[in-house]
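Novice: Compute the structure for the input listed below.
(3 chains)
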Amino acid sequence: MDIERFQEQLLRWFRQQKRDLPWRKDQDPYHIWVSEIMLQQTRVETAIPYYEKFIEQFPTVEDLAQAKEEEVLKAWEGLGYYSRARNLHQGVKEVREKYGGKVPDDKEEILKIPGIGSYTAGAILSIAYGKKEPAVDGNVLRVFSRLLNSFEDISKMKTKKIIEEKVKELIPDHAASDFNQALMELGATVCTPKSPLCLLCPVMDFCEGRKEGNQDQLPVKAKKKGQKIVYRVGLIMQKEGKVAFVKRPSDGLLANMWELPSLESENPLSNQEWQEKIKEEFGIELTLNQPWMTIDHIFSHLKWKLVIYRVDDSQPLANISKQSKNWNWMNQSEIEKLSFPKAYKQVIDLLWIE
DNA sequence: AAGTCGGGGGG
DNA sequence: CCCCCAGACTT
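Specialist: Next comes the predicted model:
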C-alpha cells in the first residue's frame, strides 16, 4: 500500500473538514488532557459545554490542583464516570508535585498518571507535543477493522495492540497530531458504526472492507451482558427548611456523590413492603400510601428502579434509627454545592419549584 | 480476560 | 429496544 498517498489523502480531508471544537483552539497539554478525559466514552457534543466551563473555572494545572474535590465533582456533575474527575484531579496534583506543573512529554512517565491509559497518553503526546504515538480509540478500531477487512473482535486487548502497532507505522513524520485526529474524525463523521458514508471517505480506495462489501458487517465486537435490576427507595425528609442527604462511599458506583437516604432490595417490593422496610431500617412510619414519584435510571450494567417517598414536616423524626447519624441536613444554598447523579438530581431540582 | 463505571443519542 | 460513544482500572 502507498503509505504516503494514504497519509496525504487523509490529512488533506481532515484539514478541510475538521470540526471547530473548543479544545482545538490551543495545544496546551493540560487543556488537551482535560478534553481527552472528558471525551472518554462520551460524545463530542456532550463534552463541549462541560469543557468550556471547566477550563474557565480551572484554566491551569495550578488552578485545578488547588481546587477541592467537591468543586471538581460539581463541575463534572451529569457527565458520568465520576472516577475520571477524581483521577484527573489527583493526576494534576501529581504533575504539580513531581513534574513542576509541566505535563510529561514521555510515554512511560505520562502513563503513570492516574486516569491516563494507552489512548489518552497517545492523544496528549501526539496532539500537544507532536510525538509519533498512536491514539487508538473506538473510532480508530472501527476504521481499521474496515480498512483491513479484519474480523478480529475489537473488544479484545490483543486486537487493540495490533492496531496500535499498525497506526504507529503509518504516522507521518511531522503531522502526528493531525493524523491521529483525522483517524478519529473519520470514524466519528464518515466511518460511522451504522451506515458508513463510504462515498465520502477520503481513503475509500484503501479500504479492503469496502472492497469486499463487508463495511456493514464490520467491526466485529462481542456483545455486552444484560443489566441487573436493583430496586431502591429514597426518602425526602424536610426539617426546618432543610433536607437530609448522605454521601456515597469513596469507591464503587457513583463514588463520593450525594444522594437521598436510601434502601435497596434485590427483588421488587410493593408500596406496603417498602414502607415496612423503611419502618424497620429507619424507624419512620409513613403516613402516605403512595410514593411521591418513581424513576427508572439506567447505568451500563445495572438498572435502578427508584421509588421516592416524601416525609412531611408533621412526621415526628424524633425516634429515628441510628442510621440517621449519617444524614446531613442541608439548606438550599448548601445543597446547590453538592453533586448528585442524574437519578437524584432530577428529584432535587423539583424541591424548590412548588 | 472479564467486570465495573454514567449518561445520552441514534437507528 | 439495542448499540455505542476521542477508555481506564480492578480483579
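Novice: what's near enough to touch A:C207?
Specialist: Counting by Cβ atoms under 8 Å, 6 or more residues apart in numbering, A:C207 makes contact with A:146-147, A:198, A:201, A:215. C-beta: built from backbone N, CA, C; applies to glycine.
Novice: farthest-separated two in those residues?
Specialist: Largest separation among the contacts of A:C207 by Cβ to Cβ: A:L147 and A:C198, giving 11.4 Å.
Novice: thought A:L88 was touching A:G115?
Specialist: Yes: with contact defined as Cβ atoms under 8 Å, A:L88 counts as touching A:G115 (5.5 Å).
Novice: Find residues that contact each of these two.
Specialist: Between them, A:L88 and A:G115 share these contacting residues under Cβ under 8 Å, 6+ apart: A:I37.
Novice: And the strands in chain A, which stretches?
Specialist: A:228-239, A:242-247, A:258-259, A:262-265, A:293-298, A:302-311, A:328-330 (DSSP state E).
Novice: quick one, helices of the stretch 1-150 of chain A?
Specialist: All helices of the stretch 1-150 of chain A, identified by DSSP state H, counting those that start in this stretch, fall at A:3-17, A:29-38, A:44-57, A:61-66, A:69-76, A:83-98, A:107-110, A:118-129, A:138-147.
Novice: Can you work out which other helices and strands pack against the last one?
Specialist: To tie it back to what came earlier, the one meant is helix A:138-147. Contacts defined by 3 or more Cβ pairs under 8 Å, 6 or more residues apart in numbering; DSSP states H and E place helix A:138-147 against helix A:157-170, helix A:176-189, helix A:208-211.
Novice: at 6 Å instead, please
Specialist: helix A:176-189 (3 or more Cβ pairs under 6 Å, 6 or more residues apart in numbering; DSSP states H and E).
Novice: Next: the third one.
Specialist: For helix A:44-57, the helices and strands in contact under the criterion 3+ Cβ pairs under 6 Å, 6+ apart are helix A:29-38.
Novice: Wondering if the helix it packs on reaches DNA strand C at all.
Specialist: Yes: applying Cβ under 7 Å from any atom of the strand, one finds helix A:29-38 touching DNA strand C at A:35-36.
Novice: How about whatever residue of the stretch 101-250 of chain A ends up closest to DNA strand C: what's its closest non-neighbour residue?
Specialist: Here the residue of the stretch 101-250 of chain A nearest DNA strand C is A:G117; by Cβ to the nearest atom of the strand that distance is 2.7 Å. Using Cβ to Cβ, 6 or more residues apart in numbering and skipping residues adjacent in sequence, the residue nearest A:G117 is A:L111, 7.4 Å away.
Novice: circling back to that earlier point, more neighbours, A:L88 and A:G115?
Specialist: A:L88 (24 against 19; other Cβ atoms under 10 Å).
Novice: tell me the contacts of the more buried one?
Specialist: The contact partners of A:L88, by Cβ atoms under 6 Å, 6 or more residues apart in numbering, come to A:37, A:115.
Novice: again, only using 7 Å
Specialist: With contact taken as Cβ atoms under 7 Å, 6 or more residues apart in numbering, A:L88 is in contact with A:34, A:37, A:115.
Novice: Residue numbers of chain A in contact with DNA strand B?
Specialist: Going by Cβ under 7 Å from any atom of the strand, the residues of chain A near DNA strand B are A:41-43, A:45-46, A:78-83, A:156-158, A:194-195, A:222, A:225, A:252-255, A:297-302, A:341-343.
Novice: Can you turn the buried part of these into a ChimeraX selection?
Specialist: Selection command for ChimeraX covering only the buried members of those, criterion 16 or more other Cβ atoms under 10 Å:
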select /A:79,80,82,83,254,297,341,343
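Novice: any idea which of the strands of chain A is most buried?
Specialist: Neighbour counts (mean count of other Cβ atoms under 10 Å) averaged over each of these peak at strand A:258-259, with a mean of 22.
Novice: what's in contact with it?
Specialist: Applying Cβ under 7 Å, 6+ apart, the contact partners of strand A:258-259 are A:234, A:245-248, A:338-341, A:344.
Novice: returning to what we had before: possible to save the strands of chain A as JSON lines with mean pLDDT and distance to A:L73?
Specialist: Below are the strands of chain A laid out as JSON lines (pLDDT from 0 to 100; distance: least, Cβ to Cβ, whole Å):
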{"stretch": "strand A:228-239", "mean pLDDT": "93", "distance to A:L73": "20"}
{"stretch": "strand A:242-247", "mean pLDDT": "95", "distance to A:L73": "11"}
{"stretch": "strand A:258-259", "mean pLDDT": "98", "distance to A:L73": "9"}
{"stretch": "strand A:262-265", "mean pLDDT": "94", "distance to A:L73": "19"}
{"stretch": "strand A:293-298", "mean pLDDT": "94", "distance to A:L73": "18"}
{"stretch": "strand A:302-311", "mean pLDDT": "94", "distance to A:L73": "20"}
{"stretch": "strand A:328-330", "mean pLDDT": "95", "distance to A:L73": "15"}
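Novice: can you tell which of those strands is closest to A:I284?
Specialist: When these are compared by Cβ to Cβ, strand A:302-311 sits nearest A:I284, at 6.4 Å.
Novice: Output stretch A:89-103 as PDB, nothing but the C-alphas.
Specialist: What follows is stretch A:89-103, C-alpha atoms only, in PDB (Å, rounded to 0.1, in the frame of the first residue of the first chain):
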ATOM      1  CA  HIS A  89      -7.700  15.900  40.000                       C
ATOM      2  CA  GLN A  90      -5.300  13.500  41.600                       C
ATOM      3  CA  GLY A  91      -3.200  13.400  38.400                       C
ATOM      4  CA  VAL A  92      -2.900  17.200  38.200                       C
ATOM      5  CA  LYS A  93      -1.700  17.300  41.800                       C
ATOM      6  CA  GLU A  94       1.000  14.800  40.900                       C
ATOM      7  CA  VAL A  95       2.000  16.800  37.900                       C
ATOM      8  CA  ARG A  96       2.500  19.800  40.100                       C
ATOM      9  CA  GLU A  97       4.500  17.900  42.700                       C
ATOM     10  CA  LYS A  98       6.600  15.600  40.600                       C
ATOM     11  CA  TYR A  99       6.900  17.500  37.300                       C
ATOM     12  CA  GLY A 100       6.800  21.100  38.500                       C
ATOM     13  CA  GLY A 101       3.400  21.600  36.900                       C
ATOM     14  CA  LYS A 102       4.500  20.500  33.400                       C
ATOM     15  CA  VAL A 103       2.600  17.600  31.900                       C
END
